[in-house]
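Visitor: Make a model of this:
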Amino acid sequence: MYFELVFDVPLQQRFTYAQDDKGETAVGKRVMAPFGRREVLGYVIGERETLPEGIPESGLKKIRRVVDKEPIFGPDEIELALWMASYYLCGTGEALATMIPSGRRETSPESLLDEEVQIAEKPLDLSQEQQLALDAILVAGPHHEPQGTARPDMFYLYGITGSGKTEVFLRSAEAMLAAGKSVIYLVPEIALTHQVEEAVQRRFGAVATTVHSAMTGSARLAEWSRIRRGEVRIVVGPRSAVFAPVQNLGLIIIDEEHDGSYKSGNTPRYHARQVAFKRCAAQGARLVMGSATPSAEAWKLMEDGTIKRLHLSRRLSGGAPPNIRIVDLAGTEGCLSNELKEEIRETARLGRQTILFLNRRGFSYFYHCRQCGYELTCKHCSVSLTYHKQLGKAVCHYCGFSAVPPQACPQCGSLEAGFAGFGTEMIEEEVQRTFPDLRIRRADADSTAKKGSLRETLDVFRAGGIDILLGTQMVAKGLNFPGVRLVGVVLADTALHLPDFRAAERTFSLIVQVAGRAGRYFPDGRVLVQTYRPQDPAITYACKADIEGFYHYELAQRKDLGFPPYTRLIRITARSKQAELADRAIMRLTGLLRRELPADCDVLGPADCPISIIAGNYRRQLILRGKAMAGIHQAVKRAMTAYDEKKSSGVYIEIDVDPVQLL
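Guide: Numbers count the residues shown, from 1 in each chain. Predicted coordinates:
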């Protein structure tokens, strides 16, 4: 018997090996095998009675050692990995390595709840809208396209923040469990998912588990094995939980579907929404997504009728949509306008709480000399350094390089040089100076680096022990704080300056999401949105809470410019420590692709990436655009085959199918 292995390398081919000495090799196990000059971890995805043509018995390598006692993946996982390799143009082993936890041995996982608990928490009463949405999800039947290919039933819970989406998700999951099926519940990859985790674990007890990146590889492998054995039937987690090997999958839920963290930033650059679609189609399961601000792609699919829209239009907890005002920052001294200061004082006088939001950490982010124009940038990246006052250093947020800020301009010696622009540290300082009698806490990646510190901060805030919580997008989404009256968006413009066609969508979404934290239980919520661009459509539509108006406007823009969802994109990036190697590689790929692309597809570029150097690597890109994915996809496959025949060392090629950002 011979075995077919794949490895965590960018190759789609299988490699044939002989059985190990102990005879323990089997499909679905991980093994250690010689590969090149090293012994590396491989995945057994097939077995065969005879050797492939052209491979002599004498030249066959033998598997050295079997890692797993029992198979840890099966035919479903292998099929999904093969699809991912084909669609995302990566190695089959790379896809499997992404899916399967990397632990070398199982540990005994801590029991999350008392084993006796099954459905512990009494479900809330549903509103009429919630009941209609739940009924629509549960009465769905298998859907088939005219040509006979299965398409999953897809639903979108679209509703304002606080309208009860989570309860509909939980009831849908409950019905699936009662029918003997399993559920995957995806939440964004931010530290604020514990409210969903707690709700699921209170409701479902020992049949629920949570998987996330903070767990050790061994703990994740132990949970993976419990899920495979059917001991766990509802799995909560970020994007990688979409691979959970649940038995008899009935439902995948994608909460906050618009969130960018559902797209992987590393190979394979998969999107959890696309993988969920594939799994639901293959296994006859339902897909339910939800958000107050759907992605433009999802909105278009709802408009087309591909996804069924289920609308939740009112807040259930007695609150009302907040009063939202735009504040023009032109001429304002410091970070806080007079209007925002007055509202903070009034909120404190009423014994209520304030959230201040800015999606930029650090103290200030732009060092500039007024005399000669010098800018302080990272040694290894083409980005400005951000000044972190608590560290006393200027830090690069891309590679981690840091330096002590200069006392005078390094270029001309002028003292008229220094940092400008504000981050969360500067806001914290100004708020403490302006409101010395109020209790203030900052929540960003710097202040919550210690394990458990974010949860502790949020628990104290929920209990009323903090008057003003300020932070980055950690405080923007998914949180439910009864005491919050005021939300201040300190600067709404940060994402609008980025050279990315999704900049307006991201800005709109963040404002709507953070505004949703105000007045959830009382009808007196206030939101102040500070901006230097008060007329920008993304800001004006968000502040009018005109969700449909924004998507109508944004989709018209995308259609005129030929961007998704009206076209499909593949982005190819060449990076190298040597600029000329990156240039040569991208030019060669451009030539190959121009020959392969159909007439109705085009190439944007080649050009420098907007951030042209990261960690000492020069980055060049080209973007392929077509009405349908098939044409550009096939062209890339053929061009990469030709490129690989004569590829030069020192250059790494990244392929991103359906990119969500172009920086």
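Visitor: center of the chain, which residue is that?
Guide: Among the residues of the chain, S261 comes closest to the average C-alpha position under C-alpha atoms, centre = their mean, at 0.7 Å.
Visitor: all helices of the stretch 1-150 of the chain, in order?
Guide: Counting by DSSP state H, counting those that start in this stretch, the stretch 1-150 of the chain has helices at residues 75-87, 92-99, 128-138.
Visitor: Show the subsequent helix or strand relative to the strand ranked longest in the chain.
Guide: The longest strand of the chain (DSSP state E) is strand 602-614. The element immediately downstream of strand 602-614 (helix or strand, assigned by DSSP states H and E) is strand 617-626.
Visitor: Could you list the low-pLDDT ranges of the stretch 551-663 of the chain?
Guide: By pLDDT under 70, the stretch 551-663 of the chain has no low-scoring segment.
Visitor: Swap in 80 and give it another go.
Guide: In the predicted model of the stretch 551-663 of the chain, residues 645-648 satisfy pLDDT under 80.
Visitor: hey, where'd the helices end up in it?
Guide: 579-596, 629-645.
Visitor: Out of the ones you listed, the one nearest L287 is which?
Guide: helix 629-645 (19.3 Å; C-beta to C-beta). Where C-beta positions appear, they are placed from N, C-alpha and C, glycine not excepted.
Visitor: quick revisit: and the longest strand of the chain, C-alpha only, in CSV?
Guide: Only the C-alpha atoms of strand 602-614 are listed here, as CSV (Å, rounded to 0.1, in the frame of the first residue of the first chain):
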residue,chain,number,x,y,z
ASP,A,602,-8.3,44.0,-18.0
VAL,A,603,-5.1,44.6,-16.0
LEU,A,604,-4.7,47.5,-13.6
GLY,A,605,-1.0,48.2,-13.2
PRO,A,606,1.7,47.1,-12.7
ALA,A,607,2.4,49.7,-10.0
ASP,A,608,3.9,50.1,-6.6
CYS,A,609,1.6,49.0,-3.8
PRO,A,610,0.2,52.0,-1.9
ILE,A,611,2.5,50.9,1.0
SER,A,612,5.4,50.1,-1.3
ILE,A,613,7.9,48.8,1.3
ILE,A,614,7.0,46.6,4.4
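Visitor: how far is that strand from where the chain is centred?
Guide: With C-alpha atoms, centre = their mean, to the nearest Å as the basis, strand 602-614 stands 22 Å off its chain's centre.
Visitor: which secondary structure elements does it contact?
Guide: helix 579-596, strand 617-626 (3 or more C-beta pairs under 8 Å, 6 or more residues apart in numbering; DSSP states H and E).
Visitor: which of the ones you listed is buried the deepest?
Guide: strand 617-626 (a mean of 22; mean count of other C-beta atoms under 10 Å).
Visitor: Who does that strand pair with, and is each partner parallel or antiparallel?
Guide: Sheet pairing for strand 617-626, assigned by DSSP bridges, gives strand 568-576 (antiparallel), strand 602-614 (antiparallel).
Visitor: so where's the stretch 251-400 of the chain shaky on pLDDT?
Guide: Along the stretch 251-400 of the chain, segments meeting pLDDT under 80 span 315-322, 334, 359-368, 381, 383-386, 389-391, 397-399.
Visitor: How about the stretch 401-550 of the chain?
Guide: Low-confidence segments of the stretch 401-550 of the chain (pLDDT under 80): 418-424, 444-455, 472-480, 494-499, 516-524.
Visitor: re earlier: residues contacting the residue nearest to the centre of the chain?
Guide: Contacts for S261 (C-beta atoms under 8 Å, 6 or more residues apart in numbering) come out as 188-190, 238-239.
Visitor: just those residues now: which is nearest E429?
Guide: I190 (25.1 Å).
Visitor: And for G418, the neighbour number?
Guide: 18 (other C-beta atoms under 10 Å).
Visitor: out of everything not next to it in sequence, what's closest to it?
Guide: Excluding its sequence neighbours, the residue lying closest to G418 (C-beta to C-beta, 6 or more residues apart in numbering) is Y367, at 6.7 Å.
Visitor: For that neighbour, give the beta-bridge partners.
Guide: According to DSSP bridges, the partner residues bridging Y367 are F419.
Visitor: So it versus A179, what's the distance?
Guide: Going from Y367 to A179 by C-beta to C-beta, to the nearest Å gives 60 Å.
Visitor: and these two? which has more neighbours close in?
Guide: More crowded of Y367 and A179, by other C-beta under 10 Å: Y367, with 23 against 11.
Visitor: Next, the contact list for that one, please.
Guide: If you count contacts by C-beta under 8 Å, 6+ apart, then Y367 has 375-376, 384-385, 387, 394, 405-406, 417-420 around it.
Visitor: Need the winner for burial among the helices of the stretch 1-150 of the chain.
Guide: helix 92-99 (a mean of 25).
Visitor: hang on, the earlier thing: how about the helices of the stretch 551-663 of the chain, which one is nearest R349?
Guide: So among the helices of the stretch 551-663 of the chain, helix 629-645 is nearest, using C-beta to C-beta, at 56.6 Å.
Visitor: what's that closest one in contact with?
Guide: By C-beta under 8 Å, 6+ apart, helix 629-645 touches 87, 89, 568-570, 572, 588-589, 592-593, 595-598, 600-601, 624-626, 653, 655, 657.
Visitor: Same list, the helices of the stretch 1-150 of the chain, but as CSV with distance to I614 please.
Guide: Shown next, in CSV, are the helices of the stretch 1-150 of the chain (distance: least, C-beta to C-beta, whole Å):
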stretch, distance to I614
helix 75-87, 25
helix 92-99, 21
helix 128-138, 43
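Visitor: number of nearby residues for the nearest residue to I613 once chain neighbours are set aside?
Guide: Leaving aside its sequence neighbours, I613 sits nearest to S382 (C-beta to C-beta, 6+ apart; 4.3 Å). Counted with other C-beta under 10 Å, the burial measure for S382 works out to 16 neighbours.
Visitor: So S382 lies in a helix, does it not?
Guide: No - counting by DSSP: H, G, I helix; E, B strand; the rest coil, S382 falls outside a helix, being coil.
Visitor: which residues does L312 bridge with?
Guide: G159.
Visitor: which residues does it contact?
Guide: 127, 129-130, 133, 157-160, 163-165, 168.
Visitor: before we move on, back to that, farthest pair within the contacts of S261?
Guide: I190 and R239, at 11.5 Å, using C-beta to C-beta across the contacts of S261.
Visitor: And the two? Which one has more around it.
Guide: Neighbour count, other C-beta under 10 Å: between I190 and R239, R239 has more, with 24 against 17.
Visitor: Tell me which other helices or strands the helix or strand hosting L251 touches.
Guide: If you go by DSSP H and E, L251 is part of strand 249-255. Strand 249-255 is packed against helix 165-178, strand 182-186, helix 272-283, strand 286-291, with contacts defined by 3+ C-beta pairs under 8 Å, 6+ apart.
Visitor: Walk me through which strands the shortest one pairs with, and which way each runs.
Guide: Here the strand partners of strand 182-186, with direction, are listed using DSSP bridges: strand 234-237 (parallel), strand 249-255 (parallel).
Visitor: What is the next helix-or-strand element following it packed up against?
Guide: Counting by DSSP H and E, the next helix or strand C-terminal to strand 182-186 is helix 194-204. Counting contacts by 3+ C-beta pairs under 8 Å, 6+ apart, helix 194-204 is packed against helix 165-178, strand 208-210, strand 234-237.
Visitor: Just say which of those is most tucked in.
Guide: Comparing those by mean count of other C-beta under 10 Å gives strand 234-237 as most buried, with a mean of 27.
Visitor: who's in contact with that strand?
Guide: 173, 177, 182-187, 193, 196-197, 200, 204, 207-212, 227, 241, 244, 246.
Visitor: distance between that strand and the chain's centre?
Guide: Worked out by C-alpha atoms, centre = their mean, strand 234-237 lies 16 Å from the chain centre.
Visitor: same thing with stretch 420-435?
Guide: The answer for stretch 420-435 is 29 Å, by C-alpha atoms, centre = their mean.
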